[in-house]
Every structure is written in C-alpha cells, then in structure tokens.
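Student: Got a predicted model here, sequence first, then my questions.
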Amino acid sequence: MQRAVVMGGSYAGLFAARVLSEHAEEVVVVEPDAIGEDGLGRRTPQRRQLHALLSMGHRRLERWFPGLTDELVKGGARLGEGEDVRFYVDGRLKAPVAESRMLGATRPFLESRLRSRVERLDAVRFVRAEVTDLLLRGERVAGVVTTAPGADPAEGRPAGEELTADLVVDATGRNSRLGEWLTRHGWDEAPVDRMRIDLGYATASFQRGGELGSTVIAHSSPGPASDYRAEVTEPGALAAVEGERWSVVLAGYADYRPGPDPDEFLRRMRRCVEPIRTVAEEATMIEDVVTYRFVESRRRVHSRLRRFPGGLVVVGDALASVNPVYGQGLTLAALEADALAAYLRTAPGSHAPALGYFRLAEAAVDAAWQLSTAADLAQPHVTGPYPRGYRAQKWVADRLTEASVRDSAVNAAYMRVVNMEDPPKALTEPRLLARAARVLLRG
C-alpha cells in the first residue's frame, strides 16, 4: 500500500499503526486530541481507570513491541509473576497458578510509551485533526475527510481536507461515527449486539509502601451465587503501578455504583478482600477518586452485512466493547492487530471488503463476549438476552469456579481462558471436568 490512515491514536489505533507500518509506505494516524506525556485525552475518560493487561495481551505487546516490558519496568511499572498475582472469589483466595504473569502499570503510562515507540517508526506520522466523513470511490473507501479539531460549525467550519488512502482503520472507540458515515453514502450500518449491565466503577491512587510485600495484582469478584449488593466482599482490584503507587478500582452495578466521595471509597475498600483492606488502613490516598459509568456491552458484527465497502477495517472499542471488569479491552485490541496482520499477509486488494479480517477479529471478540456476558447474566439486574443452554452452561461454570478455588490445575486451565490464551470451549474438556468433579467430591 502507498498510504493507510488510522482514525484514532489511542491503544487500538497504535497497535494498528504498528501492524500497518510493515505493509504501507506511509501510515497516517489522525487524532483530534492533544495527548501529552500522561496519554490523557478528553474523548477517552476511562483512561484514568485501572486497566488490566491479561497475559495474552502482555505476550502480544512484546510480539509487536519487543523489549517494551523491560522499558516499562525500568520506568516504574511492576511485573507480577506466580504468587505475586492473587485472585479471589467471594473473599476466598484461589489456588495459586505458577505461570501467572501480569503487568502493573496505569494505562496513561503504558499508552504514552507505546505511542513513543510508534512515533519512532519511519513509516508513521501523526496528524492532529478530526475526521468528519469518509471519502468513497465506487465500492471502496478511498480516504477520509478531516478538519481542524474542535472547529465550531456556528463560526464557519473550515473546508474539509481530503486525505486519500488505500486502507482506512476505524479506531475511534465506542462513540465511533462510522455507521453514520456509511449510511450517509448509501451503505448499511453493521448490526449491533447489546447487553445492558449498568456498571459503575471508580479508581483511586495510594502511596505504596511495604503494606503487601511482593503483591503486584489482587483481584476480587463475587462468586457465582453472590448478589452484587453483598457487603461481605466488595468486588474490586488493586495493582502496584509506576510512581510507587497502588491503583485501586471498585465496581458496582445499578444504584450500587461507587461515587467520587473519598470517605465512601475507603469504607467500601474496607469491605473488600484483605489486600485491599490493608491498603485502605495503611496507605495514604494521593489523588481524587475518578468515576466512570459503563451502561452496556456492545459489539458490531460486520460479517452479518451483505455488502460492505472495500478498504475499511474496524478495531478496538469501535468494533466491540465488553464489561471492563474482566480486563479484556487492551488484550482484544492486540488480538485484533494480530488479525489485521494475518489478513494483510494474504495481500488482499483494497477494492474487496475485508471480510477475512472481520472473521478473524470477530473470533477473538466472540470469545471475550461469551466470557463476559455469561458472568454478567449471573447478576440479578441483568435481564439477557440469554444464549441457548444458558442454565446448563452456568451450572458447569459455577462448579468449575468452585473447583478453581481449591485446585491449582483446575485454576490454571480456568485462568488460561480468562486470560484469553485458550478459547472458552477449553473449559468443557472432559479431562478438566473430570478433575473438577474429583476436587468437589473430596469436599
């Protein structure tokens, strides 16, 4: 390709730009926000929340950006391995998994280092502008129309500037306007699957001392029979991050969402599992509590369309956005980059719709969707839609969850699926089910 355009310069867009740098003479990343050292942008307020990088996402990060983990750790990030990574269900510590590996870093820190790597690529350049429309020629997208960021139509919007491309990537997030632009030009918008979960979460930072020894990640979630209002163990997570800080996130559904009040935040922390309680009692909060609301999980399924223009792919939250409690977002973005690379290696023409890419990307999305929505449907306020065989699937999943608390081998298999290393169907392997049954029969 001569030129590829990536709409959006956050995590998914940066991964896409890295992939495209091996296939295009020029890659232009169009981003309306001025993103500073901390990586913050007004269009992605969730950046300030605690983000998890699952082990699969970590491996893909090293695949596309070799040595970045060492660079992050030298800058203050923490790498947790083995028993440094602790998972709880209803307050009970799950059986240890020796191969556990997770990176403790805030998203702004991670993203700013990622952006620095991408900026150093010879083929890539960044343009601060806002995409206002697609440029179509016949049956394909041939570029984008841009304008100065923040232009006010009431004051006379500057004339749009056309930026031609052989391939356009939409990485503009949950609020992508791609559907609007496609319908404007006579194309159908991709059908959308939705599940309303009405989640709220809040993140706060604490000065890190020697409160928890070598712990880097601790995550607690309600068990399979828990009510989301239960006060025995609040769902939450903490991570040791750069700047000698703890980053703590608390979550709640519907009218039990956490608010910005620091005293309320500390009270809820004291109802969490021991590592989070310890931080509440012994560490000092050093930043304001930041809240975010996530109303629904959503995925756009382009493979269901009968016709779609060539020269266009979609990545990141513009493609799918699932319950962030499960930490799948950053890993999905990396897996979609893998899908894009695999698709481009087939040397597709820019005139044909990228159905090969969407099939690959949607396989990863489907795995994340199955895991997150199955867990969401266990919440009493979530009303579906329920997949066929849901009750039987839930019964098996509950037994596996219980066995994973007691047995390291079951938990290792369980966590490989949670970390998106294995597909969900791995949890139905006869040997695993038989082992889980033996564990439960032992009592």
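Tutor: Ah, there it is.
Student: For the residue nearest to residue 62 when sequence neighbours are not counted, which residues are in contact?
Tutor: Closest residue in space to residue 62, ignoring its immediate chain neighbours: residue 69 at 5.9 Å, by C-beta to C-beta, 6 or more residues apart in numbering. For glycine as for every other residue, the C-beta is placed from the backbone atoms N, C-alpha and C. Contact analysis of residue 69 by C-beta atoms under 8 Å, 6 or more residues apart in numbering lists 58, 61-62, 79, 103.
Student: quick one: residue 69 is in a strand?
Tutor: No. Counting by DSSP: H, G, I helix; E, B strand; the rest coil, residue 69 falls outside a strand, being helix.
Student: Looking at the contacts of residue 69, which are in helices?
Tutor: 58, 61-62 (DSSP state H).
Student: Can you flag the buried ones in these?
Tutor: Using 16 or more other C-beta atoms under 10 Å as the burial test, the ones in helices among the contacts of residue 69 include 58, 61 as buried.
Student: Next, format the ones in helices among the contacts of residue 69 as a markdown table and append pLDDT and distance to residue 24.
Tutor: Below are the ones in helices among the contacts of residue 69 laid out as a markdown table (pLDDT from 0 to 100; distance: C-beta to C-beta, whole Å):
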| residue | pLDDT | distance to residue 24 |
| --- | --- | --- |
| 58 | 92 | 27 |
| 61 | 95 | 22 |
| 62 | 95 | 23 |
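Student: tell me which of the ones in helices among the contacts of residue 69 is nearest to residue 206?
Tutor: residue 58 (23.9 Å; C-beta to C-beta).
Student: Check the gap between the closest residue to the closest one other than its chain neighbours and residue 12 for me.
Tutor: Excluding the flanking residues, the one nearest residue 58 by C-beta to C-beta, 6+ apart is residue 103, at 5.5 Å. Per C-beta to C-beta, to the nearest Å, residue 103 is found 18 Å from residue 12.
Student: Okay, now the unreliable bits of the stretch 1-150 of the chain?
Tutor: For the stretch 1-150 of the chain, applying pLDDT under 70 flags the ranges 35-47, 150.
Student: could you pull out the helices for the stretch 101-250 of the chain?
Tutor: All helices of the stretch 101-250 of the chain, identified by DSSP state H, counting those that start in this stretch, fall at 107-119, 178-184.
Student: Surely residue 3 touches residue 144?
Tutor: No. Applying C-beta atoms under 8 Å as the test, residue 3 and residue 144 come out as separate, 10.9 Å apart.
Student: can you list residues touching both of these two?
Tutor: Joint contacts of residue 3 and residue 144 (C-beta under 8 Å, 6+ apart) are residue 165.
Student: When these two are compared, which one has more neighbours?
Tutor: Between residue 3 and residue 144, counting by other C-beta atoms under 10 Å, residue 144 is the more crowded of the two (26 against 18).
Student: quick one: contacts for the more buried one?
Tutor: Counted by C-beta under 8 Å, 6+ apart, residue 144 has contacts 5, 7, 30, 131, 133-135, 162-163, 165, 168.
Student: now the residues you listed as CSV including distance to residue 259?
Tutor: Putting the contacts of residue 144 into CSV (distance: C-beta to C-beta, whole Å) gives the following:
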residue, distance to residue 259
5, 40
7, 34
30, 36
131, 35
133, 39
134, 40
135, 45
162, 46
163, 43
165, 44
168, 40
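Student: Make CSV out of those residues and add distance to residue 193 and neighbour count.
Tutor: What follows is those, written out as CSV (distance: C-beta to C-beta, whole Å; neighbours: other C-beta atoms under 10 Å):
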residue, distance to residue 193, neighbour count
5, 27, 28
7, 23, 29
30, 28, 23
131, 25, 24
133, 26, 17
134, 24, 23
135, 29, 21
162, 34, 13
163, 32, 19
165, 29, 25
168, 24, 29
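Student: How about the backbone phi and psi for residue 425?
Tutor: Main-chain dihedrals, residue 425, degrees, to the nearest 10: phi -60, psi -20.
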